[in-house]
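K.L.:
here are the coordinates; sequence isn't available:
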């Protein structure tokens with residue numbers, strides 16, 4: 001399993017840099033908190049009502065903490081590069097809709113959640129302390 005994860009950690013970023021499908025995948029780049037430089041990680045962007053969101057599978061992930069502190073990040077895909085400020089989502093309706101879309105879009109991530117897309121909205125929203133959703137606000 002570790003070998004598979006290692007290979008994916010090499011191939012997936014290259015795949016995204018070239019701009020291969022699926023188009024929802026981007027390379028997130030965010031300034032590191034404790035050391036100089038940037039952290040880069042593949043993420044899946046969820047689009048809802050013309051707004052874009054990214055989901056942190058666990059609040060404790062370094063990129064989540066870095067994005068929360070920096071308040072801005074860059075998404076890359078192929079030769080395109082987009083800068084965003086981030087806003088944490090706390091609204092129940094939006095949070096639940098984004099999570100449900102994310103679970104449909106990325107079914108392999110279900111193991112990180114204590115609910116399914118069929119769970120009640122209250123149950124899903126009750127898990128918000130374990131996961132974070134950022135709304136991406138384009139920088140001009």
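P.N.:
It's in. Predicted model, so just to flag it, every value in this text is computed and none were measured. Numbering: from 1, shown residues only.

K.L.:
gap between the two ends of stretch 10-30?
P.N.:
18 Å (Cα to Cα, to the nearest Å).

K.L.:
tell me where this protein has strands.
P.N.:
Along the chain, the stretches classed as strands by DSSP state E are 25-31, 38-48, 51-56, 72-77, 80-88, 132-138.

K.L.:
could you pull up the residues touching residue 76?
P.N.:
Applying Cβ atoms under 8 Å, 6 or more residues apart in numbering to residue 76 gives the contacts 16, 17, 26, 27, 29, 82. C-beta here means a position set from N, CA and C on the backbone, and glycine is covered the same way.

K.L.:
partner residues bridging it?
P.N.:
Taking DSSP bridges as the rule, residue 76 bridges to residue 27, residue 81.

K.L.:
find me the pLDDT at it, would you?
P.N.:
Confidence at residue 76, expressed as pLDDT, is 96.

K.L.:
same check, this time on residue 119
P.N.:
Per the predicted model, pLDDT is 89 at residue 119.

K.L.:
tell me how many other residues crowd it.
P.N.:
18 (other Cβ atoms under 10 Å).
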